[in-house]
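> Just a sequence and a predicted model for now, questions to come.
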Amino acid sequence: MEGVVTTAHGSGGSATGELISDIFAKEFHNDMDDAAVLNTGDGTQIAMTTDSFVVTPQVYPGGDIGRLAVCGTVNDLLMRGSRPLYLTAGFILEEGVSFSLLRRAAHSMAETAAEAGVQIVAGDTKVIEGHTGSEPGLYINTAGCGIMDGWKRPDGTAVRTNIAAENARGGDRILVSGTLGGHHAVILGSRLGIDVDAKSDNAPLTDMVGNLITSGIRIHAMRDVTRGGLGTVLKELAEASGRVFSIRDEAIPVSSAVADFCRMMGLDPLYMGNEGKMVCIVDRRDAEKALAVIRRSRYGQNACVIGEVLEAEERKMPGTVIMKTAVGGERMIGVLQGEGLPRIC
Amino acid sequence: MADLESIKRFLKNYDGPEMNIMEVCGSHTAAVAKNGIPSLLSERIRLLSGPGCPVCVTPSSYIDRLIELSGKPDVCVVTFGDLIRVPGSEGNLAEARGRGGHVKMVYSPMDILPMARKNPDTVFVFAAVGFETTTPVYALLMKEIVQGKIENIRLLTALKTMPPAVDYLCMNGARIDGFLAPGHVCVISGYRGYEPIAEKYSIPFGVAGFSGAELLIALCGLVHDRGHGVVKNYYPIVATRDGNAEARRLADEYFETAPAYWRGIGMIPGSGRVLREQYHMFDAGSRDLTEDRKANPACRCDQVLTGKLRPYECPLFGRVCTPMTPQGACMVSQEGSCFSYLANHRRD
């Protein structure tokens, strides 16, 4: 790898992958996944993850960088099936950051952590010189750990989960926990000075995931829908499982404000970033129950079944995602190509 | 008019002579893919993506000039995001920025105004790329610059008009039996300009909207009109024969017609717009950017743009050339035909 870092390396796409495999994974001798599951030695397993937040603007409709910093890490832990317990917080502040912004971010972090049932237990602060001419930056890193098999049934027994990207199988139903693109639209709208009648969806999905797991639903795969959007997540899950995903365009939930904004900007909600949405792939027999559980959980009232998993066949190669369009056509869905929107989280 | 279901049946079951239908608007390229239109057509109707993306047709010397400007100590290049990874003859603006070049991304040309007012010692150069739809916005910017007596803004223009390029394609490109005329462009410039071309080559033009149904209706009309030199408006809700006179008047106030250089195609007479003589002091050297060297000699963007080659038939497609490592301009922009084919796994 020659040359210098460009914004493309931060997009979460193929350039980021190259950066990780060519530089970090080589030295650290592991896959460098989002979250790792580790053995503690006494039979308990913990999930561990870290994430850094650089979103601009730092305060936006529906949230701020503090809330985002807790949600991102908590949701990464949840998607592994773990119950999040502890977070750490590192702050990198550029000279000139106002105390009121910092207070607001800290307050949001505390509030969101309480909502998510986690404690912030350690932290660090660094101050660096700012860039003249631009808003002083506030950057937050959070690391977190959660306990595997940490969810308890009402009778107190632990639920063992087997949730993994490769577990989707023919007949499974694909659920999305709510309307897509809110966070992306709000961030982009704020930067453009366009009033979007929407709020960021940044939210911890603890209640939703906890309810799903403890209600005995056979969850085969689960993934939060973040930077690359629903299209990227579905393609990655289809490839990991070697199955074919079939979804319907009209079933994909998008609020009318976000849909209008997308039409105006030439954006596709399928590739817009979210910070409080997930895809859940469940056994067909549990689909209705799962939908009901998500809809009565916090942040899940607009959940929908958007399609199903098929076994691969001759005409439909493993890893294919096919969308039936509103006009009756078929469109192949791939991962997000190109840079996406920088500094969305 | 027939209902949508019978239009779909007609297009799927069509078994007449083969038809190549070209779209010359990046938004059409994207809408065709998004609605899965190819899957609704008979194998005898083939869609081609023409030079409809302004970024894709910008010659390499234009990018080279922007890179050169970005390296000057008191100059800042201001651009839309999709230009930033377009390859010049060596490297792109993203790399120039990584090396310390001054490049700012904006979403609207007007964003350059506060920058220039705040930093009077820096010259801000806007990379003014676009077709008929974008030119009036640059004219508005010029109006602000002239009226506000702002002295530290320049435009590096690569402005193009579609009808001369369509004429060129009919003469020199692949066999084309019908054009989806660009709906948005026709809102501004009207579709009158396509009438002589339709007549000259006996090719139908259908002014089309961007929804699935609007595209299918226009395609159905084009198949029916095969061999007839007619222009029909299937997007009457916004497109008209004469377009938006006020937008055109504003554009004409600041810009005049000139030859333009198209990436991979060369010079097409009368297909460009440049700043008028009296506004030359606001030009950053746009007129002499004629050279067009490929960053990768194996790149086939020129044949893709003229409909002679499908994007996936290029030996670099998806392997050496990806949206993150574009070798040619068609892979850079979301509206580029190579990008659209790759992102949507199109193999039609």
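Looks like it arrived, so ask away.
> Which residue would be the closest one in the stretch 101-250 of chain B to chain A?
Distances between the stretch 101-250 of chain B and chain A by C-beta to the nearest C-beta are smallest at B:Gly212, namely 2.9 Å. Bear in mind the C-beta positions are built from the backbone N, C-alpha and C, glycine included.
> what sits against that residue?
A:325-329, B:31, B:35-37 (C-beta atoms under 8 Å, 6 or more residues apart in numbering or on different chains).
> likewise A:Val335?
A:13, A:228, A:231-232, A:235-236.
> Just those residues: which are in helices?
Assigned to helices by DSSP state H, the following of these qualify: A:231-232, A:235-236.
> surely A:Thr56 meets A:Leu341?
No. A:Thr56 is beyond contact range of A:Leu341, at 10.6 Å (criterion: C-beta atoms under 8 Å).
> so what's in contact with those two at the same time?
With C-beta under 8 Å, 6+ apart, A:Thr56 and A:Leu341 have common neighbours A:Ile187.
> Give me the buried positions along the lengthiest strand in chain B.
Longest strand in chain B, counting residues (DSSP state E): strand B:266-275. By neighbour count on 16 or more other C-beta atoms under 10 Å in any protein chain shown, the buried set for strand B:266-275 is B:268, B:271-275.
> Equivalent analysis for stretch B:222-233, please.
By 16+ other C-beta under 10 Å, the buried positions in stretch B:222-233 come out as B:222-223, B:225-226, B:229-233.
> Include pLDDT, secondary structure and distance to A:Val37 when you put those residues into CSV, please.
What follows is those, written out as CSV (pLDDT from 0 to 100; DSSP: H, G, I helix; E, B strand; the rest coil; distance: C-beta to C-beta, whole Å):
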residue, pLDDT, secondary structure, distance to A:Val37
B:Leu222, 98, helix, 57
B:Val223, 98, helix, 57
B:Asp225, 98, coil, 62
B:Arg226, 97, coil, 62
B:Gly229, 97, coil, 67
B:Val230, 98, coil, 66
B:Val231, 98, strand, 63
B:Lys232, 98, strand, 62
B:Asn233, 97, strand, 60
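> Of all pairs in those, which one is the farthest apart?
B:Arg226 and B:Asn233 (18.1 Å; C-beta to C-beta).
> near chain A, which residues of the stretch 1-150 of chain B?
Near chain A, the residues belonging to the stretch 1-150 of chain B are B:4, B:8, B:27, B:30, B:33-40, B:81, B:85, B:94-95, B:97-99, B:107-108, B:118-119 when assessed by C-beta under 8 Å from any C-beta of the partner chain.
> what sits against B:Phe126?
B:Phe126 sits next to B:78-79, B:109, B:112, B:138, B:141, B:153-156 when contact means C-beta under 8 Å, 6+ apart.
> can you confirm it is in a helix?
No. Secondary structure of B:Phe126 (DSSP: H, G, I helix; E, B strand; the rest coil): strand, not part of a helix.
> Quick check: the gap between the residue nearest to B:Val137 when sequence neighbours are not counted and B:Leu289.
Using C-beta to C-beta, 6 or more residues apart in numbering or on different chains and skipping residues adjacent in sequence, the residue nearest B:Val137 is B:Pro109, 5.6 Å away. In this view, B:Pro109 and B:Leu289 are 19 Å apart by C-beta to C-beta, to the nearest Å.
> And the chain, what are its domain boundaries?
You didn't pick a chain, so chain A it is. Using automatic domain parsing, the domain parsing of chain A gives A:33-147, A:165-332.
> not quite, I wanted chain B
Annotated domains of chain B cover B:4-43+B:162-233, B:55-161+B:243-282, B:301-343 [automatic domain parsing].
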